[in-house]
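# One predicted model, sequence on top.
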Amino acid sequence: MRQWIEEKTVLVKRFRWFRVWLGLGALLAVLLLANSVINYVFISRGMVVDSLRRDMSRQTVLLEREVRDAGGPDKADLRALVDELAKERKAAWITVRDRGERVLAHSGPDMARTFTDARIRDSFMNHEPLFTVRDSPAGKVVVEVFRSRVGETEIAMPLDGVSAAFWPLRRNLIINLSAALALLVALGLIALRFGAYVQGKQLEQQLEMARTVQRDLQPAPSLSLPDVNVAAECVPAWGVSGDFYDVFATDQGGTALLVGDVSGKGMPAALLMGVIHGAVRSSSWMESSWRHEESTRRINRLLCDRSSGSRFASMFWGHYDPKAGVLSYINAGHCAPLLVGRDGVRRLEDGGPVLGLLARARYEQAVEAVNPGDALVLYSDGVVEAANAMGEEFGESRLTDVVERWAHAGVETLRDEIVRSVREFVGSEKLQDDLTLVAIEFQPVGVELEPRFKDQGSAMAAAI
């Protein structure tokens, strides 16, 4: 619990800094967006308009030069000059007025005056430029009035005429604007989903705790009890496993052993596994065959009532009596364990159907003779159904070959060779199901424990 609180505190602090950086990123995105908009408006209006005004100023200077060279503002010549200049410069219109506001020359459509006489006089008196952007039949135009030798010259130029020259700058600004907008939207989506992300990380921590608890509930990978040596391996396909196994000394002077597999994977299967494991540990099924069979029926009814047929489990559980030299077991639809003795390999498959499907299913205990030195391999379907890249499964025949070859080399060697063979067969493919393997070697009555197992066996006996 303390560890979980500490991990949660670290997670909260980490996410607090994440929120700070998220806020700074959003602020930067807003600034970038605002700066891109300002630059775009500046280029679209400011630079384009300034470029047109410079061009119109040059046109005015050119027109005055032509008038001066012609010897004065003759109306016919001036009209021709204005028409030629408007056509050459692609002006929307050009209007020349004398100081009495009379039109001396005009080229282009007839348009209402852009500025009043008073406005023009004030501008000329204050030496201020007089220009604006207005609508016209040719679209948006820039209109400016210039003081000239004859009076005033009004020139209008279309905005579209010079916009093409600024397209590379506009294109870059559009890209920056789009990037800033995309960044802002992305940060907004992250902020919206941040709560769900935090919950996911907390669930991930809880899943890691569940994995730790599940691992602690299982026996050690290598242990020795007075009657058996055990080596086990449990590899979850997901975070937690729906497979379970257990080996423990009983009050009756023997050893209980079991392995099971709940349908499905992940947390739902692990929760149901905990229920079954608890029921096995709390019942007195080792006392007699009747109690063994009745306990199996009770677990079956429990699963039928609680899961409504949506979840089921297979399980092999048995009790080894070293004095009688027998293994009493019930196989409830589980993969048949392999018992390797003097007369070869025997499959332990008697018992009944899987648990949780048939409420009135019957189960019968079977008895198998066991000799000191015999080996028993319990496994889940994740071993035999492990598939390679071609979709081919490892299969029971390959498992039997490995068991026969290494059965008398010690349980740890037997376990390691089986796991190695499965992994070599699968290659780089990911396991699609939980893999559980328990290798057991039966010992003669009263055998002395190996030194490396003495402390472990004493601790196990004290826990029982």
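Yep, that arrived. Numbering: from 1, shown residues only.
# where's Val354 relative to Val103, distance?
To Val103, Val354 is 104 Å away according to Cβ to Cβ, to the nearest Å. The C-beta positions use only the backbone N, C-alpha and C, and glycine is treated the same way.
# And for Arg113?
Arg113 sits 10 Å away from Val103, going by Cβ to Cβ.
# Strands along the stretch 151-300 of the chain, start to end?
In the stretch 151-300 of the chain, the strands defined using DSSP state E, counting those that start in this stretch lie at 151-158, 222-224, 228-235, 243-249, 255-262.
# packing partners for the fourth one?
Read it as strand 243-249. strand 228-235, strand 255-262, helix 266-282, strand 435-442, helix 451-463 (3 or more Cβ pairs under 8 Å, 6 or more residues apart in numbering; DSSP states H and E).
# Contact partners for the closest residue to Gln252 other than its chain neighbours?
In space, and not counting its chain neighbours, Gln252 is closest to Met286: 5.4 Å by Cβ to Cβ, 6 or more residues apart in numbering. Met286 makes contact with 250-252, 254, 256, 292, 319, according to Cβ atoms under 8 Å, 6 or more residues apart in numbering.
# and those, which two are the farthest apart?
Within the contacts of Met286, two members stand farthest from each other by Cβ to Cβ: Asp251 and His292, at 14.9 Å.
# who has more neighbours, these two?
His292 (24 against 9; other Cβ atoms under 10 Å).
# Gln365 is in contact with the more buried one, correct?
Yes. With contacts counted by Cβ atoms under 8 Å, His292 reaches Gln365, the gap being 4.9 Å.
# Spit out the residues that contact those two alike.
328, 330.
# right, so the strands of the stretch 151-300 of the chain: which one is the most enclosed?
Ranked by mean neighbour count under mean count of other Cβ atoms under 10 Å, the strands of the stretch 151-300 of the chain are led by strand 255-262, which reaches a mean of 25.
# Which elements pack onto it?
In terms of contacts (3+ Cβ pairs under 8 Å, 6+ apart), strand 255-262 is packed against strand 243-249, helix 266-282, strand 313-321, strand 375-379, strand 435-442.
# Apply 6 Å and report the result again.
Strand 255-262 is packed against strand 243-249, helix 266-282, strand 313-321, with contacts defined by 3 or more Cβ pairs under 6 Å, 6 or more residues apart in numbering; DSSP states H and E.
# who wins for proximity to Gly200 among the ones you listed?
Comparing the helices and strands packed on strand 255-262 under Cβ to Cβ, the one sitting nearest is helix 266-282, at 13.7 Å.
# in that closest one, what counts as buried?
For helix 266-282, a neighbour-count test (16 or more other Cβ atoms under 10 Å) marks 266-270, 272-277, 280 as buried.
# which element follows the helix or strand encompassing Ala118 toward the C-terminus?
Applying DSSP states H and E as the criterion places Ala118 in helix 117-125. Using DSSP H and E, the helix or strand that follows helix 117-125 in sequence is strand 130-136.
# Export that following strand to PDB, keeping only CA atoms.
Extracted as PDB, the C-alpha positions of strand 130-136 are listed here (Å, rounded to 0.1, in the frame of the first residue of the first chain):
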ATOM      1  CA  LEU A 130      -4.300  60.600 -49.400                       C
ATOM      2  CA  PHE A 131      -5.200  57.000 -50.300                       C
ATOM      3  CA  THR A 132      -7.700  54.300 -49.500                       C
ATOM      4  CA  VAL A 133      -8.800  50.800 -50.600                       C
ATOM      5  CA  ARG A 134     -12.400  50.600 -52.100                       C
ATOM      6  CA  ASP A 135     -14.600  48.400 -54.200                       C
ATOM      7  CA  SER A 136     -14.900  48.700 -57.900                       C
END
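# Can you list the helices and strands that the helix or strand just after that strand packs against?
As assigned by DSSP H and E, the chain's next helix or strand after strand 130-136 is strand 139-147. Judged by 3+ Cβ pairs under 6 Å, 6+ apart, strand 139-147 is in contact with helix 48-69, strand 130-136, strand 151-158.
# Show me how far the last one is from its chain's centre.
So the one you mean is strand 151-158. 63 Å (Cα atoms, centre = their mean, to the nearest Å).
# And for stretch 85-95?
Stretch 85-95 sits 63 Å away from the centroid of its parent chain (Cα atoms, centre = their mean).
# Would you mind listing the buried residues in the helix or strand harbouring Asp83?
In the assignment (DSSP H and E), Asp83 maps to helix 75-89. For helix 75-89, the neighbour count (16+ other Cβ under 10 Å) marks 78, 81-82, 85-86, 89 as buried.
# next one: stretch 317-337
For stretch 317-337, the neighbour count (16+ other Cβ under 10 Å) marks 317-322, 325-337 as buried.
# starting at the chain centroid, how far to that stretch?
With Cα atoms, centre = their mean, you get 45 Å for stretch 317-337.
# which outside residues touch that stretch?
Identification of contacts with stretch 317-337 by Cβ atoms under 6 Å, 6 or more residues apart in numbering yields 227, 254-258, 286, 296, 314-316, 347-349, 351-355, 363, 365-370, 376, 378-379, 381, 445.
# now the stretch 151-300 of the chain, which segments are flagged as low pLDDT?
Where the stretch 151-300 of the chain drops to pLDDT under 70, the residues are 161-167, 169-170, 202-204, 206-207, 210-211, 213-214, 239, 265-266.
# one step back: among the contacts of stretch 317-337, name the buried ones.
Of the members of those, the ones counted as buried by neighbours, 16+ other Cβ under 10 Å, are 227, 254-258, 286, 296, 314-316, 348, 351-352, 354-355, 363, 365, 368, 370, 376, 378-379, 381.
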